[in-house]
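Asker: no sequence for this one, just the structure:
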């Protein structure tokens, strides 16, 4: 099982297929909305959830392990970005481009959105280690799929590694 943890003991467990869909629809949204350095760092973290590269059943992260920023303003901006990504994904942004029907992903997104909404970034560890650093931010775009790819980690997006 792949597990995405909240800060209060809540978590979202998904099967391998559910996780792949979750990451796919979030990549559509994050690629559309990313503008600030933190946004591109979060996009890189999503790219690292690609089970075709990382392995099945071993991905996920804890919200308390993210580097949300040093100031209340930075933390609020990061949380707002993540909520906007989830809202855009919930609007079914670009889902027609998927090569499959994602019947359960809306529930996963709603659960995760509630976890993020309730999460207080101030409780996260300072400079926690799962969010890629500024030099590892996902700044390149896959021309074919129009999403941010996993550079500098590997030269492909989540759709390319899935063979789509």
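Answerer: Good, I have the coordinates. Keep in mind the model is a prediction, meaning the values are calculated, not measured.
Asker: show me the contacts for the residue nearest the centre of the chain.
Answerer: For the chain, residue 46 is the residue whose C-alpha lies nearest the centre (CA atoms, centre = their mean; 3.7 Å). Residues near residue 46 by CB atoms under 8 Å, 6 or more residues apart in numbering: 23, 26-27, 30, 138, 158. From N, CA and C alone the C-beta is placed, and that goes for glycine too.
Asker: tell me the pLDDT at it?
Answerer: You'll see residue 46 listed with a pLDDT of 92.
Asker: how close does it sit to residue 9?
Answerer: From residue 46 across to residue 9, the span is 23 Å (CB to CB, to the nearest Å).
Asker: Sort out for me which of the contacts of residue 46 are in helices.
Answerer: Per DSSP state H, helices hold the following members of the contacts of residue 46: 23, 26-27, 30, 158.
Asker: Which positions in the lowest-mean-pLDDT helix or strand in the chain come out as buried?
Answerer: Here the helix or strand of the chain ranked lowest by mean pLDDT, DSSP states H and E is helix 51-54, holding a mean of 71. By 16 or more other CB atoms under 10 Å, the buried positions in helix 51-54 come out as residue 51.
Asker: Show me what that helix is packed against.
Answerer: helix 16-33, helix 158-161 (3 or more CB pairs under 8 Å, 6 or more residues apart in numbering; DSSP states H and E).
Asker: gap between it and the chain center?
Answerer: Mean C-alpha position of helix 51-54 versus that of the full chain (CA atoms, centre = their mean, to the nearest Å) differs by 14 Å.
Asker: Can you name the element that comes right after that helix?
Answerer: helix 72-90 (DSSP states H and E).
Asker: what comes up buried for that following helix?
Answerer: 75, 77-79, 81-82, 85-86, 88-90.
Asker: What helix or strand is the residue nearest to the centre of the chain located in?
Answerer: When elements are assigned from DSSP H and E, residue 46 belongs to helix 37-47.
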